[in-house]
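Asker: could you look at this predicted model? Sequence included:
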Amino acid sequence: MVKTETLKGEKGAYQVTLEVFSGPLDLLLHLIERAEIDIYNIPIVEITDQFLAYLQTMEFLDLQVAADFLLMAATLMQIKARMLLPRPVLETEEEAVEEEDPRVELVERLLEYKKVKEVAARLQDKEREASKFFPRAGGSFPDLEVAAAAEPAGRVTLWDLVQAFSALLESLLPRLELKGMPEEQYSIQDKMDEILDRLARTPQVFFSALFAELTSKKAMITSFLALLELIRMRKVLVRQEMTFGEIVIARWEGKT
Amino acid sequence: MSWRQAKAVLEALIFASSEPVTVKEMSIITELNEETVRILLFELAQEYNDQQRGIQLMEVAGGYQLVTKPEMAVYLEKLKKVPRQVPLSQAALETLAIIAYKQPITRAEIETIRGVRVDSSLTTLLEKGLIEETGRKEGPGRPILYGTTKEFLKYFGLNSLDELPIVDDWILNQQIQIDLTAD
Amino acid sequence: MSWRQAKAVLEALIFASSEPVTVKEMSIITELNEETVRILLFELAQEYNDQQRGIQLMEVAGGYQLVTKPEMAVYLEKLKKVPRQVPLSQAALETLAIIAYKQPITRAEIETIRGVRVDSSLTTLLEKGLIEETGRKEGPGRPILYGTTKEFLKYFGLNSLDELPIVDDWILNQQIQIDLTAD
């Protein structure tokens, strides 16, 4: 689908920019978000009218309306009809509970689809990042295609990291105590920035090196928490390059 | 083979291969143990960085590959001889997102989630080698199941599926590792 | 742009280009004059040599390109022969299982069982030397018959075909399905 349609008006060519939706759920979500309404309580009459108005606009502009959009329109009208029907007088509470809101299924689909959009957006970010790294294109060696194994990279669990940290703390603590340096005042955010700055200069840093220059236990713990936060945010990777080797902190590849 | 030579061999191997080369493969070819290969690779990666080169070593899809540094992109885009990829459409990205997180999955299941027919996105994704048929689902019609490929990992610069971004309460892929959910 | 940066840019350009890059192109992109580009290239070539790298800069018809050093050929040859560590795709495995149990078998027969076209799996399996053409079937079109190879036995650590797990037809089909949905 195209983002922009060029239309020929009587007074010459002019451009109309259309929001193009990847499907009826996308359009519906857009309408709901634009109206800033609660997804769990969709004003179905209003939204159905807007949805139909959009389809009319598409038709008016001679743009093909996909069958999926028409199907959704039918679904919306069905829900609308059910909601407008006079509700039967309910005799018991039980019946009242059983009376299901006709919008429930739609809401569930919308919520699920919302996640899809979220993931798609993140994949797009990754795509954009990855597109900055160009592989070798020239004169590939004939027959030299090698099938690579999905070898488990030396991943490090959070637990490994905590253990490494406590070992480090234990070994460095006597030295720290002796120094008796005035305590640094750093927030976790400061430390996160510091680690990222460091990784901007060298792509990989030894775990121990991150803490080598710190002068207090508090600073070390702050740094450690900052590192955990960066891992959680997927801004850094942690891996063990050798089986018994040092843990290495690396920049999240593809991110500048 | 000297240390320096070994590094040269690894560089040549990674350079010449059209696919990421695994540590295991390099170990077999050089007849060095995997641990040594890893140290050599680590040093090689360092050299690429220290020396402010235009290329760097990247760990992707379970192996190693050479790529240009991101800051070179602005120059590379000016050279027509450099092949460039057309970014995926929104529709294709959504389809791919569903496959990546819910694989193996059938077309009908994807269509239920997206609310549209996905034939053309599936064709695009299959042509680009980002997804593949992984088998057939039990049940009526035995529909084809789709999953992501190694090319998918390469395309998005991921080392494994574990590196897919986490979506809150959409933990679909059971392979997502404990280290990330531990907190 | 510093001297060092300029060299990095040239390296990236030559690396990522699908064809040799000319001095003129490099000059336009870096906004440096051609003479400077030549000096930079000369230095770059020196560095590749001095540092005993696995790759080198080569001037060929129409410009510059990066190639592996001749002494690396022996390792690159080995790279081609490294045992494939990739587990076969589910589709290929399914096809292979059918061939193993029902050999000799034609493509059409495999496709009837699997319900999909199997061209690409057959190509993969042939390339990997796990199956081979064993003859032609009598009848219309005399289609090619496929069977497994010695390599197949090696790949799965079998001494002979007799060691294949015994299954009757029904179980064979079920088994494949179970494998496919296992993860």
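Answerer: Cool, the structure landed.

Asker: per-domain residue ranges of chain B.
Answerer: As assigned by automatic domain parsing, chain B contains the domains B:3-79, B:90-182.

Asker: any chance of those domains in CSV, plus mean pLDDT and distance to chain C?
Answerer: (Each C-beta comes from the backbone N, C-alpha and C, glycine too.) Below are the domains of chain B laid out as CSV (pLDDT from 0 to 100; distance: least, CB to the nearest CB, whole Å):
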stretch, mean pLDDT, distance to chain C
domain B:3-79, 88, 3
domain B:90-182, 81, 3
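
Asker: which residues touch A:A66?
Answerer: Neighbour list for A:A66: B:116-117 [criterion: CB atoms under 8 Å, 6 or more residues apart in numbering or on different chains].

Asker: hmm, 7 Å instead?
Answerer: Counting by CB atoms under 7 Å, 6 or more residues apart in numbering or on different chains, A:A66 touches B:V116.

Asker: A:L52 too?
Answerer: Counted by CB under 7 Å, 6+ apart, A:L52 has contacts A:A73.

Asker: quickly find the element holding it.
Answerer: Taking DSSP states H and E as the criterion, A:L52 maps to helix A:44-60.

Asker: show me what the longest helix that chain A contains is packed up against.
Answerer: If you go by DSSP state H, chain A has its longest helix at helix A:104-130. Contact here means 3 or more CB pairs under 7 Å, 6 or more residues apart in numbering or on different chains; DSSP states H and E; on that basis helix A:104-130 packs against helix A:24-34, helix B:90-102, helix B:107-114.

Asker: before we move on, the earlier item: following the helix holding A:L52, which helix or strand comes up?
Answerer: helix A:67-84.

Asker: right, and A:L31 touches A:D49 too?
Answerer: No - contact criterion CB atoms under 7 Å: A:L31 and A:D49 do not qualify, at 9.9 Å.

Asker: of these two, who's got more company?
Answerer: The residue with more neighbours, out of A:L31 and A:D49, is A:L31; 20 against 14, by other CB atoms under 10 Å in any protein chain shown.

Asker: not counting sequence-adjacent ones, nearest residue to that one?
Answerer: A:Q50 (5.1 Å; CB to CB, 6 or more residues apart in numbering or on different chains).

Asker: which strand or helix spans the most centrally placed residue in chain B?
Answerer: For chain B, B:L153 is the residue whose C-alpha lies nearest the centre (CA atoms, centre = their mean; 1.8 Å). Assessed by DSSP H and E, B:L153 sits inside helix B:150-155.

Asker: quick check: buried residues in that helix?
Answerer: Judged by neighbour count using 16 or more other CB atoms under 10 Å in any protein chain shown, the buried positions of helix B:150-155 are B:150, B:152-155.

Asker: okay, these in JSON lines with distance to A:V236 next?
Answerer: Shown next, in JSON lines, are those (distance: CB to CB, whole Å):
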{"residue": "B:K150", "distance to A:V236": "24"}
{"residue": "B:F152", "distance to A:V236": "23"}
{"residue": "B:L153", "distance to A:V236": "19"}
{"residue": "B:K154", "distance to A:V236": "21"}
{"residue": "B:Y155", "distance to A:V236": "22"}
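
Asker: and chain A, which of these reach it?
Answerer: Restricting those to those near chain A by CB under 7 Å from any CB of the partner chain leaves B:Y155.

Asker: any idea which of the buried residues of helix B:150-155 is the one closest to C:E94?
Answerer: Among these, B:K150 lies closest to C:E94 (CB to CB), at 18.6 Å.

Asker: and that closest one, what is it in contact with?
Answerer: B:A61.

Asker: picking up where we left off before, which residues does the residue nearest to the centre of chain B contact?
Answerer: B:60-61, B:159-160.

Asker: swap the cut-off to 6 Å and go again
Answerer: Taking CB atoms under 6 Å, 6 or more residues apart in numbering or on different chains as the criterion, B:L153 is in contact with B:A61.

Asker: dump the helix holding B:L153 to PDB, keeping only the CA atoms.
Answerer: Output in PDB follows, covering the C-alpha atoms of helix B:150-155 (Å, rounded to 0.1, in the frame of the first residue of the first chain):
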ATOM      1  CA  LYS B 150      18.600 -17.900  10.300                       C
ATOM      2  CA  GLU B 151      18.300 -15.200   7.700                       C
ATOM      3  CA  PHE B 152      15.700 -13.600   9.900                       C
ATOM      4  CA  LEU B 153      18.300 -13.300  12.700                       C
ATOM      5  CA  LYS B 154      20.900 -11.900  10.300                       C
ATOM      6  CA  TYR B 155      18.500  -9.400   8.900                       C
END
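
Asker: could you dump stretch B:104-111 to PDB, C-alpha only?
Answerer: C-alpha atoms of stretch B:104-111 as PDB (Å, rounded to 0.1, in the frame of the first residue of the first chain):
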ATOM      1  CA  PRO B 104       5.300 -22.400  14.600                       C
ATOM      2  CA  ILE B 105       2.000 -20.800  13.400                       C
ATOM      3  CA  THR B 106      -0.400 -21.300  10.500                       C
ATOM      4  CA  ARG B 107      -1.500 -18.700   8.000                       C
ATOM      5  CA  ALA B 108      -5.100 -18.800   9.400                       C
ATOM      6  CA  GLU B 109      -3.800 -18.100  12.900                       C
ATOM      7  CA  ILE B 110      -1.900 -15.100  11.700                       C
ATOM      8  CA  GLU B 111      -4.900 -13.800   9.800                       C
END
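
Asker: give the buried residues for that stretch.
Answerer: B:104-107, B:109-111.

Asker: and which of those residues is nearest to chain A?
Answerer: Among these, B:E111 lies closest to chain A (CB to the nearest CB), at 8.7 Å.

Asker: what about that closest one, distance to C:E59?
Answerer: From B:E111 across to C:E59, the span is 55 Å (CB to CB, to the nearest Å).

Asker: just A:R109 next, same as before
Answerer: Separation of A:R109 from C:E59 (CB to CB): 61 Å.

Asker: return the most buried member of the helices and strands packed on helix A:104-130.
Answerer: Sort these by mean neighbour count, taking mean count of other CB atoms under 10 Å in any protein chain shown, and helix B:90-102 sits at the top with a mean of 24.

Asker: need the contact partners of it.
Answerer: Counting by CB under 6 Å, 6+ apart, A:22, A:116, A:119-120, A:123-124, B:105, B:110, B:113-114, B:118, B:121, B:124-125, B:131, B:146, B:148, B:172-173 sit against helix B:90-102.

Asker: same question, stretch B:107-119
Answerer: Contacts of stretch B:107-119 (CB under 6 Å, 6+ apart): A:23-25, A:68, A:112, B:94-95, B:98.

Asker: and which of those is nearest to C:L76?
Answerer: Nearest to C:L76 among the contacts of stretch B:107-119 is B:T95, at 38.2 Å by CB to CB.

Asker: relative to A:M220, how far out is the closest one?
Answerer: According to CB to CB, B:T95 and A:M220 sit 46 Å apart.

Asker: cool, A:V104 as well?
Answerer: Distance from A:V104 to A:M220, by CB to CB: 51 Å.

Asker: and these two? Which one has more around it.
Answerer: Legend: neighbour count by other CB under 10 Å for A:V104 and A:M220, higher for A:M220 (20 against 11).

Asker: from A:L169, how far out is the more buried one?
Answerer: 6 Å.

Asker: same question for B:M1.
Answerer: B:M1 is 41 Å from A:L169, by CB to CB.

Asker: higher neighbour count, these two?
Answerer: A:L169 (15 against 12).

Asker: so that one sits in a helix?
Answerer: Yes - under DSSP: H, G, I helix; E, B strand; the rest coil, A:L169 falls within a helix.

Asker: quick check: pLDDT value at it.
Answerer: A:L169 is assigned a predicted lDDT (pLDDT) of 72.

Asker: list the contacts for it?
Answerer: Counting by CB under 6 Å, 6+ apart, A:L169 has no contacts.

Asker: and A:H30, by the same measure?
Answerer: Counting by CB under 6 Å, 6+ apart, A:H30 has no contacts.

Asker: how close does it sit to A:E36?
Answerer: 12 Å.

Asker: for A:I249, same thing?
Answerer: 42 Å.
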